[in-house]
Each structure stands twice: as structure tokens, then as C-alpha cells.
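**Student:** The following comprises the amino acid sequence and a computationally predicted model.
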Amino acid sequence: MTSYVAAIDQGTTSTRMMIFDHSGRVVAVDQKEHEQIFPQAGWVEHNAEEIWENTRAVTAGALAKADLQAGDIVAVGITNQRETTLVWDRKTGKPVYNAIVWQDTRTDRIVDELGNLGGGQERYRPKTGLPLATYFSGPKVKWILDNVDGARARAEAGDLLFGNMDTWLVWNMTGGPDGGVHITDPTNASRTLLMDLDTLSWDADIAGDMGVPLSMLPEIRSSSEEYGKVRPRGALSGVPIAGILGDQQAATFGQACLSPGEAKNTYGTGNFVLLNTGTEKVMSENGLLTTVCYKIGSNDTVYALEGSIAVTGSLVQWLRDNLGIIRNAAEIESLARSVDDNGGAYFVPAFSGLFAPYWRSDARGVIAGLTRYVNKGHLARAVLEATAFQTREVIEAMNADSGVPLKSLKVDGGMVVNELLMQFQADILDVPVIRPVVPETTALGAAYAAGLATGFWKSEDDIRNNWAQDKEWTPSMEAKQRDEQYRNWKKAVTKTFDWVE
């Protein structure tokens, strides 16, 4: 009987289930979007119960599309939007508040207050590898406990649980209030601002600073081991959950960036460049994050440098939903091709402040260089180019930290089907850009982690052997033009600073 591995990819805008065969090829996929909730400027929330319902629906849907049953699935892996924060009641399973999404900036005052205790933005970096920023989970937990009536007392009494979306899904899949397993893995824990990078354990001092009771925090397990079986009522009843990786680390794993010096860039809601640094923890001096790349079973922890960009694919979504300039995301390429260049317009989408390498929560988005000549085609092109310019900023920081210039860039995610963007990315970086046969490597990476834990794949060599190139873009832009456009971009970025007082 042919067997398969499944992965649940719980992302920022949707949840999907993907089923893979032994060669790493997609057998079936089912996907469902969830509501984006914006209570006020800078706030972004999700309904966690809606996400759980969608997870159950896409799990059943993918199995039905492939005409498979739970018995055909060897293991299931979980990958998820990182930093998105949820607190729920351990007895009822009900969230005390909506999930606060990684893009949300409401914790800016909490971040400032913590920095003012000493050390500023760098206060926790030596232990966590992260700057103090609204991006991470710890300050979000504090906000919920401080602002939801009765939440802090319930948390201190041991009645509330915290988790990113991986923890929420695993807890529900394994029984919820009836014996659900409360765990996470180091890739997700390393994004909370609460975990010590060396020991892979929660830091009691930092948790104390943020007023987060340790009893709320999930157990940290490896990224690849059997955590428990799906509860009897689920479509995957009895299937072991055997892999957890935060979405960007999962994409790194799925791209077979398994050796030090190998890097990938995922083009999703935001962009995330990860460079595998091996078992060495490299502390950034150029605005990058030091994070856990993965930990497979009892093997040594592998670390990464990461450049996180908040808004890329979501800018295309904004152009569609807020301005109505396009009807669907695919239209942006043809609209951008209707003009020869950006017409002098540069779009810096600092909707949630600026992430790497700036970490400026006071920044807000701008369109610079507007004249009456600029039309919607130029704006569409500026939207795509913003993704490539932001990626170059991160790559330059990564080259400086690692001391090893990037020679090529592996790419994945939904935006890599846009060939105009991929060519511009190669041009502005001046290195080849390489797309794999399976571009949605996030789910594939989670499947690999689960399959390794259960023996479906024997070793990381199987992952390397499965990776295959689909297309490569090589630079064709003249150096003078490249430098001029990048110089204008950097000028536009400065116009976003100090907007929020």
C-alpha cells in the first residue's frame, strides 16, 4: 500500500492541508482563507476558533480530493504563522481574546517600557537573539493579561494557556480540554522573546519582566518527534503528529538549506530570508534576528540568521482589497508589464513599521516620487519592486554578518509565480534567483520533519535528493541603473521615519 505524509500549513491569510508522496511531490491540497480583523489602526487579529474550524475542513477536504483515509497517512506535520499570539482557557478551550497577529503594533508602549528598564531595544538580544519589538509574542501575552478583564488572575491561578498557532492546533488535534498536548518546538519558542537560545528553555527572568506566568507556557520539544496522535473524532484519527516548524524555518527545511551558508527567501504575506549558520549561534550586528533554524530529534540545534520583512504579498492584497486597482493577485504582473518602469514612484509599505534591518515601529508607509505622469501601472510596478528592494536590504545585512557574499538565492512562496518580480529580484541583487519545482516549501518542510520522525524518510539526504530546480533568473540590469534605483529606494525609506510619535 502506498503511504503519504501530510502537513497543515496555518498561515497569516489562510489554512491549508497538503499531502506529499515520498518524492516530495504534492498529491492533494485544500485551502481556506480566514477573516483579517482590524479593530483600529495598527491592530491585526484573527479568530482562532475560525482557524481551528478551517483546519478541520481542509484536512477532510484534502483527504477527499486524493481519495485517501487516515490509514494512508504515516504522519502529519504542522507549520504556522509565527509570533501570532493566543491565550485560552485550559478547561473550556475558549480563547480569552482574538489571536494577536505578528503584524500587530499595539504593544509599542509595552516594548518602550521594557526597554526603559535598561538596555533599550537590545535588552534581551544576548539571550534571545531578538531585539525588543512589537513583532514578538511575549509583549502580546502581556497586553492580553493586562487588558482582558480577569485574565491575569486566571493566568496566575493556572487556568490559562499560551501558544502560537502551532500550539493551538496541536492542543486541539490531540483532544483539547480532554487531554490535549500543550507543546511547541524551538523554532516557534525562539520567536516569543521568552526563550534562551542556548538552553532552548523558557527564561524565568524575562517572563517575570513581562508578567507572564511560566505555567502558561507550552513544553518545548524538538522539531521532529512524535508528540501524540490525532484524537479519534478527527479526519486524521490516530495519525501521529510528528513535526512542528515555524513557517519560515519549515520553508528553509523544505528548500533543503541544510548546510551552513545555504539561504532561501520566502515570498508570502511578508518576506523572510533565512541563512543556515549550522550549530553556531551568530549574533547579528546589522539588524537581523538570530533564531533556531531547526532541531531534529536529539541532534544538535541548528541556528539561522533571519531578515524579516513585514509587508510584501500583503501589499498586493492591499492593492486589491483597499484600492480595487486589481481584481486578483495574478493581475498585478500584467498591469506592471503595461509600463516600462516605475515612473519614478517608490512604495515603502511600512504599514506595521519597518522590520529588518531597521526595526522602526515609528515608521509608516509612503509613496514617494509621485508626479502626474504616474499611473496605476507604475504603482503596480512599484508594489512589486518594493518586495525586491526590501529583500536586497536584508541580503546586504546578511552578507555583512556572515562575511560570505550570497552567490544565488533560492526562492519559494506564492509570489514566485510572478516572473517580472523574479527577474527584477535577480537584477537588483545581481545574483541568480532559483525557483524549485515545488514552490510551496513551507508545508513540504513540515512534512519532512514529520516523515523523518516516523522513518518515512531515512535521513536529510533524502530531502536533498528530492529538491529539484524549476527555473533560474539571471541578472540583466546595468550596474548604473541598479545603483540609481536602489539609491532612490533608500531615500524613500527615510521618508517613513518618525511618523508615529
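**Tutor:** Received it, and whenever you're ready, just let me know what you need.
**Student:** and the closest residue to residue 3 other than its chain neighbours, how many neighbours?
**Tutor:** What sits nearest to residue 3 in space, not counting adjacent residues and going by C-beta to C-beta, 6 or more residues apart in numbering, is residue 74, at 4.8 Å. C-beta coordinates here come from the backbone N, C-alpha and C atoms, glycine included. Using other C-beta atoms under 10 Å, residue 74 has 21 other residues around it.
**Student:** Just checking: what are the partner strands of the helix or strand residue 74 falls within?
**Tutor:** Assigned by DSSP states H and E, residue 74 belongs to strand 73-80. Using DSSP bridges, the neighbouring strands of strand 73-80 in the sheet come out as strand 4-10 (parallel), strand 240-246 (parallel).
**Student:** What helices and strands are in contact with the next helix or strand along the chain from the first one?
**Tutor:** Remark: after strand 4-10, the chain's next helix or strand is strand 14-20, criterion DSSP H and E. In this structure, strand 14-20 makes packing contacts with strand 4-10, strand 26-33, helix 48-65, helix 441-453, judged by 3 or more C-beta pairs under 8 Å, 6 or more residues apart in numbering; DSSP states H and E.
**Student:** out of these, deepest packed?
**Tutor:** Scoring the helices and strands packed on strand 14-20 by mean neighbour count under mean count of other C-beta atoms under 10 Å gives helix 441-453 as the most buried, with a mean of 31.
**Student:** low pLDDT regions in the stretch 151-300 of the chain?
**Tutor:** Scanning the stretch 151-300 of the chain for pLDDT under 70 picks out no residues.
**Student:** got the residue ranges for the helices in it?
**Tutor:** Chain-ordered helices for the stretch 151-300 of the chain, with DSSP state H, counting those that start in this stretch as the definition, fall at 151-156, 165-173, 186-189, 204-210, 247-254.
**Student:** related to what we said a few turns ago, how near is the residue nearest to residue 3 to residue 240?
**Tutor:** When distances are taken as C-beta to C-beta, to the nearest Å, residue 74 and residue 240 turn out to be 8 Å apart.
**Student:** Ok, residue 157 next?
**Tutor:** Distance, residue 157 to residue 240, by C-beta to C-beta: 33 Å.
**Student:** More neighbours: which of the two?
**Tutor:** Regarding residue 157 and residue 240, a neighbour count based on other C-beta under 10 Å identifies residue 240 as having more, with 19 against 10.
**Student:** My guess is that one contacts residue 78. True?
**Tutor:** No. With the criterion set as C-beta atoms under 8 Å, residue 240 and residue 78 do not qualify as a contacting pair; they are 11.8 Å apart.
**Student:** Pull the number of nearby residues for residue 226.
**Tutor:** The burial metric for residue 226, expressed as a neighbour count using other C-beta under 10 Å, is 14.
**Student:** Hmm, I typed the wrong one, I wanted residue 417.
**Tutor:** Residues lying near residue 417 (other C-beta under 10 Å) number 14.
**Student:** export stretch 453-469 as CSV, just CAs?
**Tutor:** What follows is stretch 453-469 as a C-alpha-only set of coordinates in CSV (Å, rounded to 0.1, in the frame of the first residue of the first chain):
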residue,chain,number,x,y,z
ALA,A,453,10.5,11.3,12.9
THR,A,454,8.5,8.3,11.7
GLY,A,455,11.0,6.8,9.3
PHE,A,456,9.1,7.7,6.1
TRP,A,457,12.3,9.5,5.0
LYS,A,458,15.5,8.0,6.4
SER,A,459,17.8,11.0,6.5
GLU,A,460,18.3,14.6,5.4
ASP,A,461,20.0,13.2,2.3
ASP,A,462,16.5,12.1,1.1
ILE,A,463,15.4,15.8,1.4
ARG,A,464,18.5,17.0,-0.6
ASN,A,465,17.8,14.4,-3.3
ASN,A,466,14.1,15.4,-3.6
TRP,A,467,14.9,19.0,-4.3
ALA,A,468,14.8,20.0,-8.0
GLN,A,469,15.1,23.3,-9.8
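**Student:** how about that stretch: buried residues?
**Tutor:** Of all the residues in stretch 453-469, those buried under the rule 16 or more other C-beta atoms under 10 Å are 453-454, 456-457, 460, 462-463, 466-467.
**Student:** Pull the most distant pair out of these.
**Tutor:** Taking C-beta to C-beta, the two most distant members of the buried residues of stretch 453-469 are 454 and 467; they sit 20.6 Å apart.
**Student:** just to revisit the earlier point, so what sits against both of residue 74 and residue 240?
**Tutor:** Common contact partners of residue 74 and residue 240 (C-beta atoms under 8 Å, 6 or more residues apart in numbering): 450, 454.
**Student:** Of the helices and strands packed on strand 14-20, which is nearest residue 349?
**Tutor:** Proximity of the helices and strands packed on strand 14-20 to residue 349 was assessed by C-beta to C-beta; the nearest stretch is strand 26-33, lying at 20.6 Å.
**Student:** Excluding chain neighbours, what is closest to residue 231?
**Tutor:** Going by C-beta to C-beta, 6+ apart, residue 231 has residue 175 as its nearest residue, at 4.8 Å.
**Student:** what's the burial count for the one you found?
**Tutor:** Using other C-beta under 10 Å: residue 175 sits among 18 other residues.
**Student:** which residue lies farthest from the center of this protein?
**Tutor:** Most distant from the centre of the chain: residue 372, at 37.5 Å, with distances by C-alpha atoms, centre = their mean.
**Student:** Might you report the residue contacts of it?
**Tutor:** Shown here is residue 372, which makes no contacts under the criterion C-beta under 8 Å, 6+ apart.
**Student:** Just say helix, strand or coil for it.
**Tutor:** For residue 372, the secondary-structure state derived from DSSP: H, G, I helix; E, B strand; the rest coil is coil.
**Student:** Tell me the confidence at it?
**Tutor:** You'll see residue 372 listed with a pLDDT of 95.
**Student:** all strands of the stretch 101-250 of the chain, in order?
**Tutor:** Secondary structure of the stretch 101-250 of the chain (DSSP state E, counting those that start in this stretch): strands located at 160-163, 183-184, 195-196, 201-202, 219-220, 224-229, 240-246.
**Student:** circling back: nearest to residue 216 among the buried residues of stretch 453-469?
**Tutor:** Using C-beta to C-beta, residue 453 comes nearest to residue 216 of the buried residues of stretch 453-469, at 26.6 Å.
**Student:** The closest one is in contact with residue 75, isn't it?
**Tutor:** Yes. Contact criterion C-beta under 8 Å: residue 453 and residue 75 qualify, at 6.7 Å.
**Student:** which residues do the two both contact?
**Tutor:** Between them, residue 453 and residue 75 have 226, 240, 242-243 as joint contacts when contacts are counted by C-beta under 8 Å, 6+ apart.
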